[in-house]
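A.B. asks: coords please:
(chains A and B)
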Amino acid sequence: MSLSSPGVQSAAGPGARRSSSGLLQAWLPKLILAPSIAISLFFVYGFMLWTFVLSLTNSRMLPSYDFVGFAQYARLMANDRWWVASTNLVVFGGLFVAICLALGLLLAILLDQRIRQEGVLRTVYLYPMALSFIVTGVVWKWLLNPGLGIQAMVRSWGFENFRFDWLVNPDMAVYTLVIAAVWQASGFVMALFLAGLRGIDDSILKAAQLDGASLPRIYWRVVIPCLRPVVFSAVMILSHIAIKSFDLVVALTGGGPGYASDLPATFMYAHAFTRAQIGLGSASAMLMLGGVLAILIPYLYSELRSRRHG
Amino acid sequence: MDNVIRRRTVGARIGRAMLYAVLLLAALFYLLPLAVMLITSVKPLAEISPGTLLSLPREPTLAPWAKAWGEACTGMRCEGVGGYFFNSIAIVAPAVAISTVIGALNGYALTKWRFRGSELLFALMLFGCFIPFQVVLLPMAQTLGWLGLSSSRAGLILVHVVFGIAFTTLFFRNFFVAVPTELVSAAKLDGAGFFRIFWRILLPVSTPIIVVSVIWQFTQIWNDFLFGVAFSAHDTQPVTVALNNLVNTSTGVREYNVDMAAAMIAALPTLLVYVLAGKYFVRGLTAGSVKG
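C.D. replies: Sure thing, here's the model as predicted:
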């Protein structure tokens, strides 16, 4: 993870500054950074505040500034579609993260066994990550189409009663999102784990082997515990993808059938941009931000703490 | 891991065979959708019927590609995705260039010209990598309106630059931190200025990170859908939005072969970059993976 990269070296400053010629040279670095800082303050922090303010108003088609307190949040809590979207996020996010981790770890461990053509396999596993979620959604929509896709193919092999109609089944549609998202991101998790495995000190493994431990036991007791930081980063990245998932839903299920496979990101977009409910949409965006922070803050906390102790 | 000793036993051989079987099965899982997409895109519509998902085309044709590029309907218009493909290029090229240059200068200033509070400023900027973009959509729409950039390519370029510099700064900062400071200090003593040091000392060693940054930004912006759909109009839409419109246009017969051809067209640039520079792509992903 990038956050734990080499870190802080604070000794570069004073001697150099004194010798640099003129006031301009001393101010140049700050001048260079100033626009980016201003952009960040306005477009990130300012906009977050702005959205929060909008979430306290009764804005509908256009932003208005008639404040109604937390009424939009109360409406959101009473909104059935929001609950469907939030529940879906928990189901989708939970399964997506768990399956990606399991599959990614398995593939990384298997690939780490001196496999011939490892590079080719790695490329094959990882390439979906280069695609747009829209492309992924379009392809899987075709594969999962009950009339022409996998279901029809298996039936044509003679299994007449085979059913795989999740895409049009309100109870199952959310799982099609899991399938497509796992297909896209699990290879990436594999790459993270593989990098982690390659970073483990060989002598630890040798010692365990000399002690007569079996291979699965070595992995379970020695290797996987070493990968804890990777698991942590992967969970953080994957949950971030899950919370932001928007394009995949739009392309694969359109949130349907009905709104059975809606996620907060599509809920927000629908209300803010097509249903003229800017206040409600803003409130849902703020809750999404809350969700991200709930994952991010413990992560950053432990990251900083481990760096201090390490 | 070192299990050479065990390789000879029968059990180990079976284990080895199973290992390869599992790996190949996984490869099949990842390849199948791409294969189906490609096969379907060169089939005439008549050959698409239940159960033919995997069968090779009897009369391969590029007509679906031609139609997807130049004639297929994306919403009201029927001009294919070709024009939108060029929209994407017109948006991606400047946005990638600008955000990479800004990121490089930021990373340089943050590592080689540290000042009191510069680490804090970096942390402040880094937060931009983590926010769900839903939280900036509405204010952005209004701001673009005020700037007179609503539904314009320039507006989309601005959006991508604004939310891209957090990542490019992160890349360059983490790369420049590892470049020895002694060289820079010596150059400063010799009276070399800010840009001269950047140009002469940092830039010549920065090729790998420039490639990472360009590839990362290219795939992110090319694949973007959220900003594209929120801040564009008919004639400024990027190709991802056009693809989605094409697939969801519900007039006449569903032409799945054309859908797949359009998906291939939208996917090709990033796939190509991935095949040509996959090594860097992986590095970009693992370094910038905060965005996911």
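A.B. asks: nearest to chain A: which residue in chain B?
C.D. replies: Using Cβ to the nearest Cβ, the closest approach of chain B to chain A is made by residue B:51 at 2.8 Å. C-beta coordinates here come from the backbone N, C-alpha and C atoms, glycine included.
A.B. asks: give me the number of residues near that residue?
C.D. replies: Number of residues near residue B:51 (other Cβ atoms under 10 Å in any protein chain shown) recorded here: 14.
A.B. asks: list the residues that contact whatever residue of the stretch 151-300 of chain A ends up closest to chain B.
C.D. replies: Closest residue of the stretch 151-300 of chain A to chain B, Cβ to the nearest Cβ: residue A:156 (2.8 Å). Residues in contact with residue A:156 (Cβ atoms under 8 Å, 6 or more residues apart in numbering or on different chains) are B:50-52.
A.B. asks: how about 6 Å then?
C.D. replies: residue B:51 (Cβ atoms under 6 Å, 6 or more residues apart in numbering or on different chains).
A.B. asks: please report how far the residue most central in space within chain A lies from residue A:88.
C.D. replies: Chain A has residue A:241 as the residue nearest its centroid, 1.9 Å off, counting by Cα atoms, centre = their mean. Distance check for residue A:241 against residue A:88: by Cβ to Cβ, to the nearest Å, it reads 15 Å.
A.B. asks: and what of residue B:189?
C.D. replies: 61 Å.
A.B. asks: more neighbours: which of those two?
C.D. replies: Shown here are residue B:189 and residue A:88; by other Cβ under 10 Å, residue A:88 has more neighbours (24 against 12).
A.B. asks: could you check which helix or strand contains the more buried one?
C.D. replies: helix A:80-111 (DSSP states H and E).
A.B. asks: buried set for the helix or strand following that helix?
C.D. replies: Elements were assigned by DSSP H and E; along the chain past helix A:80-111, the next helix or strand is helix A:118-126. Neighbour-count burial for helix A:118-126, counted by 16 or more other Cβ atoms under 10 Å in any protein chain shown, picks out A:121-126.
A.B. asks: do stretch A:260-278 as well
C.D. replies: Quick answer for stretch A:260-278 (16+ other Cβ under 10 Å): A:260-273, A:277-278.
A.B. asks: which of those residues fall in helices?
C.D. replies: Taking DSSP state H, the ones among these that sit in helices are A:264-269, A:278.
A.B. asks: pretty sure residue B:266 contacts residue B:238?
C.D. replies: No - between residue B:266 and residue B:238 there is no contact under Cβ atoms under 6 Å: 9.1 Å.
A.B. asks: residue boundaries of the strands in chain A?
C.D. replies: Using DSSP state E, chain A contains no strands.
A.B. asks: pLDDT at the residue nearest to the residue of chain B closest to chain A when sequence neighbours are not counted, what is it?
C.D. replies: Spatial nearest neighbour of residue B:51, excluding adjacent residues (Cβ to Cβ, 6 or more residues apart in numbering or on different chains): residue A:156 at 2.8 Å. Residue A:156 carries a pLDDT value of 81.
A.B. asks: how about the one 10 residues further on?
C.D. replies: The predicted structure scores residue A:166 at 86 on the pLDDT scale.
A.B. asks: same thing with the one 10 residues further on?
C.D. replies: The pLDDT attached to residue A:176 in the predicted structure is 93.
A.B. asks: ok, residue A:74 next?
C.D. replies: 89.
A.B. asks: neighbours of it, how many?
C.D. replies: Residues within reach of residue A:74, counting by other Cβ under 10 Å, total 12.
A.B. asks: where's it relative to chain B, distance?
C.D. replies: 20 Å (Cβ to the nearest Cβ, to the nearest Å).
A.B. asks: which ones are touching that residue?
C.D. replies: Going by Cβ under 6 Å, 6+ apart, residue A:74 touches no other residue.
A.B. asks: who does the helix holding residue A:88 touch, helix- and strand-wise?
C.D. replies: Secondary-structure packing of helix A:80-111 (3 or more Cβ pairs under 6 Å, 6 or more residues apart in numbering or on different chains; DSSP states H and E): helix A:173-198, helix A:228-244, helix A:264-269, helix B:10-41.
A.B. asks: same question for the next helix or strand after the longest one: list its buried residues.
C.D. replies: What it means is helix B:10-41. Once the chain leaves helix B:10-41, the next helix or strand it forms, by DSSP H and E, is helix B:63-70. By neighbour count on 16+ other Cβ under 10 Å, the buried set for helix B:63-70 is B:64-65, B:67-69.
A.B. asks: count the residues that sit near the residue lying closest to residue B:152 once chain neighbours are set aside.
C.D. replies: Nearest non-adjacent residue to residue B:152, counting by Cβ to Cβ, 6+ apart: residue B:236, 6.0 Å away. Here the number of neighbours of residue B:236 (other Cβ under 10 Å) works out to 20.
A.B. asks: and if you look at the one 3 residues further on?
C.D. replies: If you count neighbours by other Cβ under 10 Å, residue B:239 ends up with 31.
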